[in-house]
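**Q** predicted model, plus sequence, below.
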Amino acid sequence: MSDYMIRGIAAEGKIRAFAATTRDTVEEMRQRHNTSPVITAALGRLMTAGAMMGSMMKGQRDRLTLKINGDGPVQSLTVVADSAGNVKGFAQVPQVILHANAKGKLDVAGAVGLGVLTVTKDIGLREPYVGTSILTTSEIAEDLTYYFATSEQTPSSVALGVLMNRENTVRQAGGFILQLMPGVDDDTITRLEKRIGEIQSITSMLDSGMTPESILDYVLHDFGLEILDKTPVCFHCDCSKKKIEKAIVSLGRKDLESLIEEREPVEAHCDFCNTSYVFQVDEIESILERSK
């Protein structure tokens, strides 16, 4: 498998860890949405996090939605993931051009601006879980670290990165999430913080040839790392013309009749995969007939 993530534990279960490489997934998103480099980096980071966070859920039908609303030019980023490594996402404004930040890097924080992160988990209950937190840096990884600490009371370290080629294709993408479980001792926390502080950027680690396994081993080798499983990651949208048809049915008889009277094809668009579905007038008439 090209893109994948791994899940592991360390320190006798007191640390749980996730790591992923997502270059092909982010590149497919870039091609589908024609995102500019800074938006590719921003949305790619959020999609990588979504894939790993989705794997934290258990049910096959569980769904995770990450949404960032900011006052920057991108306006909003939306990602949906499941527990099997399928992830999709889109930016409200896919083309944003900004100068590099003070470190000479893509200015993700400038594209996102000040705002709010919303995490929605639909795990089959009557009401989904919804958690929100403010954007602390708008660099996404730090914002998710803050979210875990404040909304889920789980001390975490999140690293995310997207490295672009000169021709604006994706060179590397990936990340990791480390979380402290209840009962972890102060010595383990101190040692882990020190080790995390020594880490170079996630993209430089990937670009040097490191894999998710070797990245976690590098960080957690002294803590007795145990890899539990490995899951493919891919860009996947489950939209279809049949599903769009069901949405058209929900418009109601009056609206369907109005569409037919216009005698023009109806086009429906999926924001996540940038696919358009066209319904001819006779198809709308058939939908109306079947809805009686």
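**A** Right, received. Where do you want to start?
**Q** going forward, measure contacts and count neighbours with C-alpha atoms only.
**A** Will do.
**Q** how about the helices in the stretch 1-150 of the chain?
**A** For the stretch 1-150 of the chain, applying DSSP state H, counting those that start in this stretch gives helices covering 23-33, 37-54, 108-112, 141-151.
**Q** could you figure out how far the last one is turned away from helix 37-54?
**A** Looking back up the chat, that one is helix 141-151. What separates the directions of helix 141-151 and helix 37-54 is an angle of 40 degrees, with axes from the mean of the first three to the mean of the last three CA atoms, to 10 degrees.
**Q** average pLDDT for the very next helix or strand once past helix 141-151?
**A** Sequence-wise, the next helix or strand downstream of helix 141-151 (DSSP states H and E) is strand 156-164. The average pLDDT within strand 156-164 is 97.
**Q** given strand 156-164, what are its sheet partners and their directions?
**A** According to DSSP bridges, strand 156-164 forms sheet pairs with strand 170-180 (antiparallel).
**Q** orientation of the strand it pairs with relative to helix 23-33 in degrees?
**A** 120 degrees.
**Q** how far off centre is the helix or strand just after strand 170-180?
**A** Remark: after strand 170-180, the chain's next helix or strand is helix 186-197, criterion DSSP H and E. On the basis of CA atoms, centre = their mean, to the nearest Å, helix 186-197 sits 27 Å off its chain's mean C-alpha point.
**Q** in PDB, list the C-alpha atoms belonging to helix 186-197.
**A** The C-alpha trace of helix 186-197 is given here as PDB (Å, rounded to 0.1, in the frame of the first residue of the first chain):
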ATOM      1  CA  ASP A 186       5.500  12.200  35.500                       C
ATOM      2  CA  ASP A 187       8.800  10.600  34.500                       C
ATOM      3  CA  THR A 188       7.300   9.200  31.300                       C
ATOM      4  CA  ILE A 189       5.700  12.600  30.500                       C
ATOM      5  CA  THR A 190       9.000  14.400  31.000                       C
ATOM      6  CA  ARG A 191      11.000  11.900  28.900                       C
ATOM      7  CA  LEU A 192       8.400  12.000  26.100                       C
ATOM      8  CA  GLU A 193       8.300  15.800  26.000                       C
ATOM      9  CA  LYS A 194      12.100  15.900  25.800                       C
ATOM     10  CA  ARG A 195      12.000  13.400  22.900                       C
ATOM     11  CA  ILE A 196       9.300  15.300  21.000                       C
ATOM     12  CA  GLY A 197      11.300  18.500  21.400                       C
END
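**Q** fine by me, thanks again.
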